[in-house]
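Chemist: Provided below are the primary sequence and the corresponding predicted coordinates.
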Amino acid sequence: MATVQIRNLDDEAYAILRRRAAESGRSLQEYLRIEVEELARRPSIDEVLDDLRDHAVSDVTMDEIVAMQREGRDR
């Protein structure tokens, strides 16, 4: 298991996190470990966009897109 140390954490943020940990019945360390693990499981925006690009299939050309935009403005 890896160990992470966070320096210079804002006092207000620390107090909020301690309160949330206490409200959930967990130690601060356990609460933060769970939160960080959940954060790590979520894909970043770049990962989502890359995945969409990898799976995107389109037969529409750029010229057709421009024409549709222009048509929409003329209405």
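Modeler: That came through, no problem.

Chemist: does Pro43 really touch Asp51, like I thought?
Modeler: Yes - judged on CB atoms under 8 Å, Pro43 makes contact with Asp51 at a distance of 7.3 Å. C-betas here are computed from N, CA, C, even on glycine.

Chemist: need the residues that contact the host helix or strand of Ala22.
Modeler: Element membership of Ala22, judged by DSSP states H and E, is helix 11-23. Defining contact as CB atoms under 8 Å, 6 or more residues apart in numbering, one finds that helix 11-23 is touched by 27-28, 30-32.

Chemist: that one: what's the following helix or strand?
Modeler: helix 28-41.

Chemist: tell me the helices and strands packed up against that following helix.
Modeler: helix 11-23 (3 or more CB pairs under 8 Å, 6 or more residues apart in numbering; DSSP states H and E).

Chemist: how distant is the helix it packs on from the center of its chain?
Modeler: Helix 11-23 sits 22 Å away from the centroid of its parent chain (CA atoms, centre = their mean, to the nearest Å).

Chemist: tilt between it and helix 28-41?
Modeler: For helix 11-23 against helix 28-41, the angle by axes from the mean of the first three to the mean of the last three CA atoms, to 10 degrees is 100 degrees.
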